[in-house]
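In: what follows is a predicted protein model with its sequence.
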Amino acid sequence: TEVVGNIQTALNSLYNFGARNFLVLNLPDLGKIPQSLRLGSALSTRLTDLIEQHNSVLDSTLKVLSQSLPDINLIFFDEYDLFNQVVTNPGDFGFTNVTETCLDQATLIACANPDEFLFWDSFHPTTAGHQILAESTLAALKSQDKPESKSVPEPVSSASLGVIGLAWLLRKQLNKSC
C-alpha cells in the first residue's frame, strides 16, 4: 500500500502542476516469473498474493482519484491480465517458452530463438515480450483517445515503482528466512 500511496502522491502532484492525462499500469503476476518459480511454490504463491493485493489497492485508489479530481483522464492498463493471458496461451503470442530464461545465466549464452521466449533473464521480458506490452498498451491508449484531447498522456509506471518495492520486500523476507 505504500507503493500505491507513492503513486497517488505523484499523480496528485502532477495534477496540481496542470497534468490531466495519465497512463497507469498495474503489476504483472511476479509469482510467475522464472526467479519466483525457482524459489518454490510457497514463495511464488505469496508473491502472487502480494501483487493481487497491490493491484486491488491501486484500482481502488484510481477510482477515488477519478471521482475527486475534476478533468483527470486516467487511462488504466491491466498488465496483470495481459501477462496471465500470455502465460496461459503462449502460442497465441508467438511464444514456446514462458517459464524459462533465454539467457543461460551460468554461461551467459543466449538461446537461438529469443523471440519465442517471454523472459530474457530471471526477471525481465525479452524484446518480444516488451513488444507485446507496448503494442497492447498503445491499443488501450488509442481506444481511450478522445478526439478533443490534444495533450499527450504522462506515463506513471506503477510497474517500475511496484517492482522496486516488491523486490525490496522480497529481499527483506528472504533475509528473515535465512
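Out: That came through fine.

In: next, the most centrally placed residue in the chain: secondary structure please.
Out: The residue lying closest to the centre of the chain (C-alpha atoms, centre = their mean) is residue 27, at 3.3 Å. With DSSP: H, G, I helix; E, B strand; the rest coil as the basis, residue 27 sits in coil.

In: and the pLDDT for residue 120?
Out: pLDDT for residue 120: 98.

In: skipping adjacent residues, who's closest to it in space?
Out: residue 126 (4.6 Å; C-beta to C-beta, 6 or more residues apart in numbering). Yep, even glycine has a C-beta here, placed from its N, CA and C like the rest.

In: mind checking the SS state of residue 118?
Out: Put simply, residue 118 is strand when judged by three-state DSSP.

In: and it, how close does it get to residue 93?
Out: As judged by C-beta to C-beta, to the nearest Å, residue 118 and residue 93 stand 8 Å apart.

In: pull up the overlap in contacts between these two.
Out: Common neighbours of residue 118 and residue 93 (criterion: C-beta atoms under 8 Å, 6 or more residues apart in numbering): residue 86.

In: compare those two (neighbour count), which wins?
Out: Counted by other C-beta atoms under 10 Å, residue 118 and residue 93 do not tie: residue 118 has more neighbours, with 26 against 17.

In: got a list of what that one touches?
Out: Contact partners of residue 118, counting by C-beta under 8 Å, 6+ apart, are 86, 87, 90, 95, 97, 98, 125, 126, 128, 129.

In: touching, the last one and residue 121? I think so.
Out: No - the pair formed by residue 129 and residue 121 falls short of the contact definition of C-beta atoms under 8 Å, at 11.4 Å.
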